[in-house]
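**Student:** generate a structure from the sequence data that follows.
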Amino acid sequence: MMTNEIEQQINLETAQIHWHELQRFFASGNAIAVDPTLDLTHVAAQIVADNATQIKEWMDAGLVDAVKDSQAQQWYEQNALVWAVVIKPWVLVQPII
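**Tutor:** You can find the predicted model right below:
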């Protein structure tokens, strides 16, 4: 599958969900925060494609990383609605701004 087709498929699997419903993924260390400046489906497609170079660049820039405790707490208190997509074993989460 071409990246564009993968992104289209991922887009169909992306949903808005309340952070409370993602607590178990956060607790198991599988919640990955994606900066709002990035396209969530593009990031997910790069993970599917195992594009380690691009993913490392994003991680080094702090744009893609495990959800931090402070962020999780803030989202929990706000019962924040976030964009999420599952790329097993990860759940990519992006704040709705």
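**Student:** which residue is nearest the middle of the protein?
**Tutor:** With distances taken as C-alpha atoms, centre = their mean, the residue of the chain nearest its centroid is Leu92 (1.9 Å).
**Student:** in its sheet, what does the helix or strand hosting it sit against?
**Tutor:** Here Leu92, judged by DSSP states H and E, is contained in strand 90-95. Strand pairing for strand 90-95, determined by DSSP bridges: strand 31-34 (parallel), strand 81-87 (antiparallel).
**Student:** wait, which of these is closest to Lys56?
**Tutor:** strand 31-34 (13.7 Å; C-beta to C-beta). In short, each C-beta sits where N, CA and C put it, glycine included.
**Student:** check which element follows that closest one along the chain.
**Tutor:** As assigned by DSSP H and E, the chain's next helix or strand after strand 31-34 is helix 40-48.
**Student:** gap between that following helix and the chain center?
**Tutor:** Chain-centre distance of helix 40-48: 9 Å, with C-alpha atoms, centre = their mean, to the nearest Å.
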